[in-house]
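Enquirer: This is the structure alone, sequence omitted:
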């Protein structure tokens, strides 16, 4: 009879997500993963198969969690309210990197044929589509002008969020003020 693993796979994916998000794929060694996950190499490979496979799971978790936060904001504040609150959410992550894991991964693998870069691009496109849907819903609600292109608004918004997240990493930047300015700019879309 096979022995049941003595680890929580979901907790390991969460811990790996945080480590990969902070250090990137190349900056995270197998020794780092073994230390942070408190797992031996044999158990690691039995659970995940490879570093790339675990990274893919971590990226999926990151994207899923971000989508869930956005859904919760939309449910509570409506489409435009969610879009206005999202910039503050992304800069308020205490104790963790604020730069987007998907954007960091995409850039890290840019120009390579690594599947993780393609997966990051796919997840970024999915988030762009979610933003476009929120902009379209805000138009339907009469909160923003009907003649604006939701896809273009979403691309600009995502670009601004990625830039905001990078700026939030700098100690000499008031990321909260930038997030508020970004939210205030959405009121000008009426």
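Expert: Everything's here; your move. Please read these numbers as outputs of a predicted model, since none were measured by experiment.
Enquirer: hey, where'd the helices end up in the protein?
Expert: Here the chain has its helices, by DSSP state H, at 9-23, 30-37, 41-48, 51-91, 101-108, 115-140, 150-167, 175-186.
Enquirer: Next, the angle from the helix or strand bottoming out on mean pLDDT in the chain to helix 9-23.
Expert: One helix or strand of the chain scores below all others by mean pLDDT, DSSP states H and E: helix 41-48, with a mean of 91. Relative orientation of helix 41-48 versus helix 9-23 (axes from the mean of the first three to the mean of the last three Cα atoms, to 10 degrees): 100 degrees.
Enquirer: Now do helix 41-48 against helix 30-37, angle only.
Expert: Using the same axes, to 10 degrees: helix 41-48 against helix 30-37 is 80 degrees.
Enquirer: what's helix 41-48 packed up against?
Expert: When contacts are defined as 3 or more Cβ pairs under 8 Å, 6 or more residues apart in numbering; DSSP states H and E, helix 41-48 sits against helix 30-37, helix 51-91. From N, CA and C alone the C-beta is placed, and that goes for glycine too.
Enquirer: now do 7 Å
Expert: The helices and strands touching helix 41-48, judged by 3 or more Cβ pairs under 7 Å, 6 or more residues apart in numbering; DSSP states H and E, are helix 30-37.
Enquirer: I'd like to know how many residues surround residue 170.
Expert: Number of residues near residue 170 (other Cβ atoms under 10 Å) recorded here: 10.
Enquirer: what do you get for the one 4 residues further on?
Expert: The criterion is other Cβ under 10 Å. On that basis, residue 174 has 13 neighbouring residues.
Enquirer: Now do the same contact list for the nearest residue to residue 21 once chain neighbours are set aside.
Expert: Spatial nearest neighbour of residue 21, chain neighbours left out: residue 101 (4.3 Å); criterion: Cβ to Cβ, 6 or more residues apart in numbering. Residues in contact with residue 101 (Cβ atoms under 7 Å, 6 or more residues apart in numbering) are 20, 21, 59, 62.
Enquirer: at 10 Å instead, please
Expert: Applying Cβ atoms under 10 Å, 6 or more residues apart in numbering, we find residue 101 in contact with 17-18, 20-22, 24, 55, 58-59, 61-63, 66, 120, 123, 165.
Enquirer: Which two among the residues you listed are spaced furthest apart?
Expert: The largest separation in the contacts of residue 101, counting by Cβ to Cβ, is between 55 and 165 at 19.3 Å.
Enquirer: if we can go back for a sec, so what pLDDT did the residue nearest to residue 21 get?
Expert: Looking at residue 101, its pLDDT stands at 93.
Enquirer: Distance of it relative to residue 127?
Expert: 11 Å (Cβ to Cβ, to the nearest Å).
Enquirer: Same check on residue 186?
Expert: Counting by Cβ to Cβ, the gap from residue 186 to residue 127 is 17 Å.
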